Each structure stands twice: as structure tokens, then as C-alpha cells.
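>>> Make a model of this:
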Amino acid sequence: MKGRSFALGALLLSSCLARSTELFPGLSVGDVTVHGDTNASDGVNATDAGDPEGPPCITDRRCGASCEDCTRRLWVCNAEATTCEPRTDCSGVADGTPCRVETVPDRDYDLCIGGSCVSPGCGDVSCNDTTLLFPWPDSGQRRCFDNASEIMCPGTIPCGTESFCGQDAQYGWDASHVASERYVVTEPVAGEALVLDQVTGLMWLRCPAGKHGLACDEGAELSATWDASLVLCDGWVWAGLGDWRLPSAQEWLSVLAIEAAPQALDASAFPASQATSFFTSTTWTTNPALAGIVELGGWGVTNSGKENAYGVRCVRATDPSRVALTPRFVRTSDSAAVVSDAATHLLWQGCPLGLSGSDCSQGSALKTSWPGALRACQDSSLAGHSDWRLAGAKELGSLFIYDPSLGNIDTVAFPNWTQYAWAATTFVSQAYAGNLTLSYTINPNEGMLGGPTTKTLLYGAYCVRDLP
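Model prediction:
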């Protein structure tokens, strides 16, 4: 946890790349690349912006005897009862509570995870942000499809005998809201536009790092290695705000939009970028030399070597008081196990379709086509429920936690979830020229969500329903 912030405007000018190591300790010139018009003004004051976060307490950062003001950010009063500051001891507090730990290199964003204070982006999987601190959003798919073309959405959930019923577009936030309700774009400082996600409460840079202007048509886009991306977002000062960070894999996944074109972001909120891949702060559980990346061309979460360079986009939370609900997953112990998720308010079948038992070791896992998976979940009556559906791409993605001990998904709550499985979401990508014969799949073992996968191939199914 650092007590300073840096302005990054100078990084947009090629003449300043040579001194980027002075602005950001541990950042080498080769880690950052400028793309486009390097002569454009960046519109950012290159002087130290002071403390952009503003006072954490209402009156001059002082908490007095009661420490009442500190609760706004879940901070605590210092030993002298004079100043609000993040806690250093995470014993007995909820995951996601802000804390302070010194790391090398040091970061501003530190969280309590499992009773310890960790700094996401420290370099290994032990400090991944495994929490889900915001309401989980829908996918953005608003149309239905058969194996090859668009169709009218069939039936309603529960589907009965209707073919191709239970698709992503038929449930969730998107089914009851128009797309324009999701994001609000503002420009509180000339040239420094922000995007507020009204579902998750996350705030994003409208432009990729290096670009500015309301239309993101000024400046020069940056690409950076994983380490450099963390440094850039950690020190970013934009629209008077300084608590930016590199998004986790979950945060990045939350903002991806299935049917957006030309990239998998809502174009009304996020103008197209030169970069199509962006690093997350998440270190890959199976190989610490890799980090999670999002691919806007293919709409997915995968991984890449940390030495590679990709675009940079930063995020911040607008509600610092949110903490994780514990326990997040609760699994019943009977043979027809189900798992409730307190973060997303979903109820999952506890085993891949076709398997049963407390450890999902009984039976044979279903292998079927995409329409077969839709039908199989529709026909399920596990635990007395008749409204099971095939999980959508975003719902499947919500299960990723990238935990150092539990794995990519919680293997205690979801034992034997190892097979590729279908999502109820058709793969719609401009890169595939309108080919609608493809769907999304999840690979729990590797922690990857994406596609494209031909709908006639044989994969498994994970079924889900909404909790009341």
C-alpha cells in the first residue's frame, strides 16, 4: 500500500519513455510501447496530482475517538485515534476488506483474502483476487439461434418440450432491460471520459491507456507487459481519481459483451481499440509465468506469457464497502447434490449432468451436442426443480476463482468438474463472418472460457437455475 500516486500523461509522449523508469520504479522502457500519434497532447497534467482519492474520512482524514468516518471505506482508526487507514491484520474479517501490506514492487490495491492481506498482481497465484465483490452481470446476448441460424426465441422457461429453448437470451438481466440501461458515460474532466457499469458498480476508463478524448480519438494507445500494466494502472490518475487498478479476470469478464462488434465490448460505452487483447491481474493457477488475458475478437478468457505486451485498460470500484459473502458456495451432502452461490444467487446442480454422488463419482458424464445439452437440462428434475437450464457463458465464467489451493473453480463445492461443457450461448463474432454454427464452451481444468466450438460436437453440460 503506497502513500503516493503518479500522473501518467508523460508516458504518451515518446520523448518521455526513456524516463518512465523514473516515474515508475521497476518499469523498464522496453515494457511499454506507444502506438499511433505520439505527437498528440495527452490532456493529463504531468505534475503530481497529490492524493487523488480525497480524504478517506469526511473531516480532514481524522477519525477522532469514534472512528465513525472510517467505515465509509472499511478502514480503521490508527493507534493514536487520529487518522483513518487500512487495516494490517485481516484476522476475522470478510474477504475483500481493504488492508495494507508492503510488497516489492508495492501496490495501492490490497485485500484481505483467507485471513491474510494480499496484493493482487504480486506475481504468483497466492495473491490472486479470488473474491466476487460486485453483482454478476448478464452476457449481452439478446437473440436466439438453432444450429446454424437466428430464430425466434422458442417458448419460455421452464421450457417443456420446445426445441432450442433455454438459451442465454431468454433469461437474466438482458431479458428485462434494454442495452442502453447498462452503462453511463461521463467526462468530468475534459478529455478524460469514464464508463460506469450500473449493474456491477465498476468504473472503467472509456479509452484504453494512452488514448483520450470523449471519442477516444486522441493520443497514442499503449501496449505493455504484465508487470508494466500493473504499474501503469496502479499509478494512473484520471478524471481526478487515483484508485485505478489492473482488472482481475473476473472484472474483465464482467464487462465483455457477447454480440458486440467489432470487439466484445459495448461500442456505445467503449470505442474500438487498436488492441484486441488485454492483461488481467490474475496469475494463472497452473503456471505462474502466465497471466489471464481477455480476447475481444473471440470473446474469451485465456492466458499468455507475462513477458508479452497487450493493451491496458484500468478499473476502480465505486463502492469500497462491499465485501465477500462467506461462505460463497454451499453444497448439500445428498446424492442429488446442489450448490448455492451467495454471490450470484444461482443454484447449480452439484455434478456434471450424468454424474451423481457426494463426490460426483457415480454414473457416466453426459456427452451430447449443443441442442442436446439444452434439452438435457430442460428435462432434469434434480432436487424436485423443473426449471433447470443449461448455464450461459457468463454464468459459467462466474465460477472461476483462480484460487491457489482450490484451483480454477472451487473443487470442494464442485468435485469432478473436469470436462469441457457447453454454454447456452451462441458464439457471435465478427471475426467468424456471421457463422452461427458455433457455441461457447468452458474448460474448468484450464480455467478458460471461450470458443468457438461446432454445435454438433459432443461435450458435457452444467445445469443451473435462479434462486428465489
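>>> all contacts plus neighbour counts: C-alpha atoms, from now on.
Fine.
>>> if I've got this straight, residue 374 is in a helix?
Yes: under DSSP: H, G, I helix; E, B strand; the rest coil, residue 374 falls within a helix.
>>> For it, give me its contacts.
If a contact means Cα atoms under 8 Å, 6 or more residues apart in numbering, then residue 374 has 164, 165, 166, 167, 389, 390, 424 as its contacts.
>>> before we move on, what about residue 155?
162, 165.
>>> before we move on, what about residue 269?
183, 184, 185, 195, 206.
>>> Within the helices and strands, which one has the fourth one?
Under the criterion of DSSP states H and E, residue 195 resides in strand 192-197.
>>> Parallel or antiparallel, list what pairs with that strand.
Here strand 192-197 is paired, per DSSP bridges, with strand 183-189 (antiparallel), strand 202-205 (antiparallel).
>>> Redo those strands as TSV? Include distance to residue 156.
Formatted as TSV, the strands paired with strand 192-197 follow (distance: least, Cα to Cα, whole Å):
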stretch	distance to residue 156
strand 183-189	28
strand 202-205	32
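>>> out of the ones you listed, deepest packed?
strand 202-205 (a mean of 22; mean count of other Cα atoms under 10 Å).
>>> how about that strand as CSV, C-alpha atoms only?
Output of strand 202-205 as CSV, limited to C-alpha atoms (Å, rounded to 0.1, in the frame of the first residue of the first chain):
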residue,chain,number,x,y,z
LEU,A,202,-17.4,-0.9,-11.5
MET,A,203,-16.0,2.2,-13.2
TRP,A,204,-13.8,1.9,-16.3
LEU,A,205,-11.5,4.0,-18.4
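>>> residues in contact with it?
Against strand 202-205 from outside (Cα under 8 Å, 6+ apart): 134, 193, 194, 195, 196, 197, 313, 314, 315, 316, 317, 318.
>>> For those residues, work out which two are farthest apart.
134 and 193 (22.1 Å; Cα to Cα).
>>> Would you mind listing where the stretch 251-400 of the chain has pLDDT under the threshold?
Residue ranges of the stretch 251-400 of the chain with pLDDT under 70: 298-299.
>>> the strands in it, which residues?
Per DSSP state E, counting those that start in this stretch, the stretch 251-400 of the chain carries strands over the ranges 277-283, 290-295, 300-305, 310-311, 315-317, 329-331, 338-341, 346-349, 355-356, 362-363, 389-390.
>>> just to revisit the earlier point, inside helices: which ones of the contacts of residue 374?
Counting by DSSP state H, the contacts of residue 374 place none of their members in helices.
>>> Which single one of those is nearest to residue 415?
Nearest to residue 415 among those, with distances taken as Cα to Cα, is residue 390, at 18.6 Å.
>>> My guess is that closest one contacts residue 460. True?
No: contact criterion Cα atoms under 8 Å: residue 390 and residue 460 do not qualify, at 10.3 Å.
>>> More neighbours: those two, which one.
residue 390 (29 against 24; other Cα atoms under 10 Å).
>>> need the contact list for that one.
Residue 390 sits next to 166-167, 373-374, 377-378, 422-424, 461-464 when contact means Cα under 8 Å, 6+ apart.
>>> quick check, nearest of the residues you listed to residue 278?
Once Cα to Cα is applied, the member of the contacts of residue 390 that ends up nearest residue 278 is residue 423, at 23.3 Å.
>>> Number of residues surrounding that closest one?
Here the number of neighbours of residue 423 (other Cα under 10 Å) works out to 31.
>>> Residue 442 is in contact with that one, correct?
Yes: the pair residue 423 / residue 442 is scored as a contact, 7.2 Å apart, by Cα under 8 Å.
>>> Residues in contact with both of these two, list them for me.
In contact with both residue 423 and residue 442: 393, 396, using Cα under 8 Å, 6+ apart.
>>> mean confidence score for stretch 134-147?
Mean pLDDT, stretch 134-147: 94.
>>> Span of that stretch from start to end?
Using Cα to Cα, to the nearest Å, the end-to-end distance of stretch 134-147 comes out at 34 Å.
>>> Would you mind listing the buried residues in it?
Using 16 or more other Cα atoms under 10 Å as the test for burial, stretch 134-147 gives 134, 136-147.
>>> which of these lies closest to residue 324?
residue 134 (8.8 Å).
>>> can I assume that closest one sits in a strand?
No: counting by three-state DSSP, residue 134 is not part of a strand but coil.
>>> is it true that it touches residue 197?
No: in this structure residue 134 lies outside contact range of residue 197 using Cα under 8 Å: 10.6 Å.
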